[in-house]
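Q: just need the structure, nothing else, for what follows:
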Amino acid sequence: MPARRTADPAQTRAAVSAVVDWLRDDTVAAPDRATLAEAVRLTARTVAGLAPGASVEVRVPPFVAVQCIAGPTHTRGNPPNVVETDPRTWLLVATGLLAFGDAVDSGALRLSGSRAPEVANWLPVVSPT
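A: Have a look, this model is predicted:
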């Protein structure tokens, strides 16, 4: 099995800094796809690094899916515990600009399974600068 990719904290901060104006104001031009993808992937991998395991899958299509949180794992089919959202919502939650519970309440962050809400314990992963 290949090693998991980990996120360098300095690279993660730089990637988030590149999109923070857009996160704070959605009327600002959206970042290009590569810049957005880098911020999403690094923040998701940071969560996976902070909460190693495979009982919950965090999905931010089309950029990344990571497994995290120790506990029972799945090996086939759809995992029973999933957190899924769009890239902008993920970054808002990952930076603390949007509360996890507020994102869930609005329907922008979808949870399935009893363990999925535990992801909130490791958020936010980076403060916007």
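
Q: residues in contact with the longest helix seen in the chain?
A: Secondary structure assigned by DSSP state H gives helix 33-50 as the longest helix of the chain. Contacting residues not belonging to helix 33-50 are listed as 4-9, 11-12, 15-16, 18-19, 30-31, 58, 60, 63-68, 87, 90-91, 94-95, 119, 122-123, 125-126 [C-beta atoms under 8 Å, 6 or more residues apart in numbering]. Using the backbone N, CA and C atoms, a C-beta is placed for each residue, glycine as well.

Q: 6 Å - rerun?
A: 5-7, 12, 15-16, 18-19, 58, 60, 63-64, 66, 68, 87, 90-91, 94, 122, 125 (C-beta atoms under 6 Å, 6 or more residues apart in numbering).

Q: strands of this protein, residue ranges please.
A: Taking DSSP state E to define them, one finds strands in the chain at 56-60, 64-68, 82-85, 109-112.

Q: and these, which is most packed in?
A: Most buried of the strands of the chain by mean neighbour count (mean count of other C-beta atoms under 10 Å) is strand 56-60; its value is a mean of 24.

Q: what angle sits between that one and helix 33-50?
A: Relative orientation of strand 56-60 and helix 33-50, computed by axes from the mean of the first three to the mean of the last three C-alpha atoms, to 10 degrees: 170 degrees.

Q: strand partners (parallel or antiparallel) of strand 56-60?
A: If you go by DSSP bridges, strand 56-60 pairs up with strand 64-68 (antiparallel), strand 82-85 (parallel).

Q: in PyMOL, how would I select just the buried ones from the contacts of helix 33-50?
A: The buried residues among the contacts of helix 33-50 can be selected in PyMOL (16 or more other C-beta atoms under 10 Å) with this line:
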select buried, resi 7+12+15+16+19+58+60+63+64+66+68+87+90+91+94+122+125
